[in-house]
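# Would you be able to build a 3D model of this:
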Amino acid sequence: MSVNESEQKPDFREDIVQSNIPQEELARLSDDIVAALKTVYDPEIPADIFELGLIYKIDIDDDRMVKIVMTLTAPGCPVAGEMPSWVQNAVSAVEGVSGVEVEMTFDPPWTPDRMSEEAQVAVGWY
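Numbers count the residues shown, from 1 in each chain. Just a heads-up that it's a prediction; the model follows:
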């Protein structure tokens, strides 16, 4: 399964190509992973990393290994070295996840346009 963030926040389960994981379990895993990501906050911004649009992609392999591609608000972010482990720890706690790999990318660079309406409200931009 692949989750790609977009402005319109479509159902992230739409991009499922093929999976040996039963649909019901895949839906639960997806929801629980997103909920776990929403517990991780950028310490400089009062919004979680999912709503900020820092999560670019989530893949769940058939063996329930989760691969996350994410970014930071800026390459020089003071928690750049710590944030991937925060994400890994949060998602590893999800029942049924066999492991987590977090890849950092700055391509494309993050912009405030990636923030959800909820995040915009949290930072006072809405």
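# Dihedrals phi and psi, the most centrally placed residue in the chain?
Taking C-alpha atoms, centre = their mean, the centroid of the chain lies closest to Ile55, which sits 3.7 Å from it. Phi and psi for Ile55, reported as degrees, to the nearest 10, are phi -90, psi 120.
# so it bridges to which residues?
Met70 (DSSP bridges).
# just wondering, since we're on it, how far is it from Val91?
Using C-beta to C-beta, to the nearest Å, one gets 10 Å for the distance from Ile55 to Val91. C-beta: built from backbone N, CA, C; applies to glycine.
# which residues do these two both contact?
Residues within reach of Ile55 and of Val91 at once, by C-beta atoms under 8 Å, 6 or more residues apart in numbering, are Leu37, Ile68.
# Skip ahead from the worst-scoring helix or strand of the chain on mean pLDDT and say which helix or strand is next.
When the helices and strands of the chain are scored by mean pLDDT, DSSP states H and E, strand 2-4 comes last with a mean of 51. Beyond strand 2-4 on the C-terminal side, the first helix or strand identified by DSSP states H and E is helix 23-37.
# Hmm, Val100 is touching Val66, no?
Yes: if you go by C-beta atoms under 8 Å, Val100 and Val66 touch, sitting 4.9 Å apart.
# quick one: low-confidence ranges for the chain?
Residues of the chain meeting the criterion pLDDT under 70: 1-18, 126.
# quick one: contacts for the residue nearest to Glu51 when sequence neighbours are not counted?
For Glu51, ignoring the flanking residues on the chain, the nearest one in space by C-beta to C-beta, 6 or more residues apart in numbering is Ala119 at 4.0 Å. Taking C-beta under 8 Å, 6+ apart as the criterion, Ala119 is in contact with Ile45, Ala47, Asp48, Glu51, Leu52, Gly53.
# repeat for Glu51
Contact analysis of Glu51 by C-beta under 8 Å, 6+ apart lists Lys38, Met115, Ser116, Glu118, Ala119, Ala122.
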